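1. Turn this into a structure:
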Amino acid sequence: MSTVKSLLERAKSHLQEIIADNNLLDAEISVLAKPLTPEEAIGTPGRRDFPIIEGKERMIEAQILGAKGQSFTDSPGEFIGKLGDVIELELSNNKNRAIFIAAMNAVLRYLNIADGTVHCRDMEPEKCAPEIAEFIHNKYGKIKVGLVGLNPAIAEALVDKFGAENIANTDLNRENIGKEKFGITIMDGRSDTEELVQKSDIILITGTTIVNNTLDGILRFVKKHDKKYIIYGVTAAGVCQLLGLNRICPYGRDE
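-> You can find the predicted model right below:
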């Protein structure tokens, strides 16, 4: 890869400046980051096919000075230390990236810089999906939507709003690839991302791509083919705020 900084590295640089400006680095600030159970993370939604409920992902929650930040990951881990220790984490694997992003979201929530850093609960995840579909339809009309990451509720809402023929969906979970969901065949996120971008007018991207280190490549394809994009979810709260990226999260909470 070139010497161009990744999105997460750029966000980290901004965060370091914010922490320094607010004299937080040397403060005795403890960071507790831990995986949440599905019930702790999203409560008890009616539908049971969310990846976190099926055990494919976990939610990491960080708490800093009473503020909370979260991130999704497939590699959950715990962290107890100081804010300065978090900043020094090597962002070379999903576990460390998830901890760092959750902590960043918590810091930015504490400073009232980012909002929606805590996941919605109970029936809100199901209400969220059709609202996202409606937002896209109201703003852009009947267009072709590429969904990065299989979120069943969002995929179904997009199909309901735009028709299966206008939806493409990639995922990294090999159990999903090649299978039909809601009338669409799930494509391989490792090899089919550019194809998804090419055949879509707007790309709806899960914030988990920041943790699994694929967002940079996705946005390069978006830029190359001059497509629109929106990143969704709590994971992306801080990075999107710091870098000015498009984000939607109708029911994200501030805690």
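
2. make it CA atoms for all contacts and neighbour counts henceforth
-> Noted.

3. Contacts only, for the residue nearest to the spatial centre of the chain.
-> Centroid-nearest residue in the chain, with C-alpha atoms, centre = their mean: Gly207, separated by 1.6 Å. Gly207 is in contact with Ile231, Tyr232, Gly233, Val234, Thr235, Ala236, counting by C-alpha atoms under 8 Å, 6 or more residues apart in numbering.

4. and these, which of them are in strands?
-> Under the assignment DSSP state E, the contacts of Gly207 contribute Ile231, Tyr232 to strands.

5. where along this protein do the helices fall?
-> In order along the chain, the chain carries the following helices (DSSP state H): 7-21, 38-42, 83-87, 94-110, 124-140, 152-162, 193-199, 208-211, 215-224, 237-243.

6. Would you single out the least confident of these?
-> Per-segment confidence across the helices of the chain bottoms out at helix 38-42, which has a mean of 67 in mean pLDDT.

7. quick one on the thing from earlier: which one, of the helices of the chain, ends up nearest to Asp74?
-> Nearest of the helices of the chain to Asp74, taken as C-alpha to C-alpha: helix 94-110 at 7.4 Å.

8. Determine how far the closest one lies from the middle of the whole chain.
-> For helix 94-110, the gap between its own C-alpha mean and the chain's C-alpha mean amounts to 12 Å (C-alpha atoms, centre = their mean, to the nearest Å).

9. And stretch 74-83, by the same measure?
-> Here stretch 74-83 shows a centroid-to-chain-centroid distance of 18 Å under the convention C-alpha atoms, centre = their mean.

10. CA atoms only for it, dumped as PDB, please.
-> What follows is the C-alpha trace of stretch 74-83 in PDB, where atoms were taken according to Å, rounded to 0.1, in the frame of the first residue of the first chain:
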ATOM      1  CA  ASP A  74     -15.900 -10.500  14.800                       C
ATOM      2  CA  SER A  75     -12.900 -10.500  17.100                       C
ATOM      3  CA  PRO A  76     -14.000  -9.300  20.600                       C
ATOM      4  CA  GLY A  77     -11.600  -8.700  23.400                       C
ATOM      5  CA  GLU A  78     -11.300  -6.900  26.700                       C
ATOM      6  CA  PHE A  79      -9.100  -3.900  27.600                       C
ATOM      7  CA  ILE A  80      -8.500  -2.100  30.900                       C
ATOM      8  CA  GLY A  81      -6.100   0.800  30.900                       C
ATOM      9  CA  LYS A  82      -5.600   4.500  30.500                       C
ATOM     10  CA  LEU A  83      -6.600   6.600  27.600                       C
END
